[in-house]
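[1] here is my input, please return the structure:
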Amino acid sequence: MGERLSVNVHGPKPREIDQITAVLVRGGLIAYPTDSGYALGWRTDNRPARERVIRLRQLNRNHHFTFCCRSLSDVGQLTQVNNQWHRIIRQLTPGPYTFILPATAQVPRSVKHRQQTIGVRIPDHPVVQALLESLDEPLLSSSLLLPDEDDIYDSEDLYDAVHQDVDLFVDAGYCALEPTTLVDLTGPRPAVLRQGAGVVDFV
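    The predicted model follows:
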């Protein structure tokens, strides 16, 4: 059964962030708040955690997950970003956008799309930013959407639903459940693949 840690959404305490980081470093899977609802998070090289997420969400084994990054610098380490796309990402982040970009050789093959691309995002959420700063690396992430369940908004209900499947539930109270806007930046022009919370005024 996973632990539960209540944090202040506007500013988690350093010892709380240290506790969350420690769970990830020792190979744990966490549920945590973002600017687009709760998500599941684990370190890139943690294949057992990835398998747990696939089972929990009943996902296809070829499902691709998103890298949560703290800054454009992290995005640049993971993806090939030209000047045009760099300007767009800088304009829109941090915020509720996920960008599809060509992956660099630094990204493990197991987490790349078939087209050698990955999804990256820079969330606008104090808890996530503090966690990424402490972890000092991007975090693989999956929206906490459960099969055969209605959309769950209340953190109490979410905890009840997943506490046996995660090692730590980071509870920051209510999080609006609205997906990120998904933008493909692999072609000559940006392509919006999914309209979500992020406003699109650049295509």
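
[2] any stretches of the chain with poor pLDDT?
    Applying pLDDT under 70 to the chain flags residues 1, 149-153, 202-203.

[3] just give the nearest non-adjacent residue to Ala197, would you?
    Residue nearest to Ala197 in three dimensions, not counting chain neighbours: Pro96, with 3.8 Å by CB to CB, 6 or more residues apart in numbering. In this view, the C-beta of every residue, glycine as well, is placed from N, C-alpha and C.

[4] all the strands of the protein, residue numbers only.
    Assigned by DSSP state E, the chain shows strands spanning 3-6, 30-34, 37-42, 66-68, 97-102, 117-121, 139-143, 168-171, 181-184, 191-194.

[5] pipe these into a markdown table and attach distance to Glu133 per row.
    Output for the strands of the chain, formatted as a markdown table (distance: least, CB to CB, whole Å):
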| stretch | distance to Glu133 |
| --- | --- |
| strand 3-6 | 17 |
| strand 30-34 | 14 |
| strand 37-42 | 14 |
| strand 66-68 | 12 |
| strand 97-102 | 20 |
| strand 117-121 | 16 |
| strand 139-143 | 11 |
| strand 168-171 | 15 |
| strand 181-184 | 25 |
| strand 191-194 | 28 |
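
[6] same list (those strands) but as a markdown table, adding distance to Val75 and mean neighbour count.
    A markdown table is the format used below for the strands of the chain (distance: least, CB to CB, whole Å; neighbours: other CB atoms under 10 Å):
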| stretch | distance to Val75 | mean neighbour count |
| --- | --- | --- |
| strand 3-6 | 28 | 15 |
| strand 30-34 | 16 | 25 |
| strand 37-42 | 17 | 25 |
| strand 66-68 | 8 | 25 |
| strand 97-102 | 8 | 24 |
| strand 117-121 | 5 | 25 |
| strand 139-143 | 13 | 21 |
| strand 168-171 | 23 | 22 |
| strand 181-184 | 13 | 21 |
| strand 191-194 | 18 | 13 |
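
[7] residues contacting the residue nearest the centre of the chain?
    The residue lying closest to the centre of the chain (CA atoms, centre = their mean) is Ser141, at 3.6 Å. Applying CB atoms under 8 Å, 6 or more residues apart in numbering, we find Ser141 in contact with 34, 39-41, 65-68.
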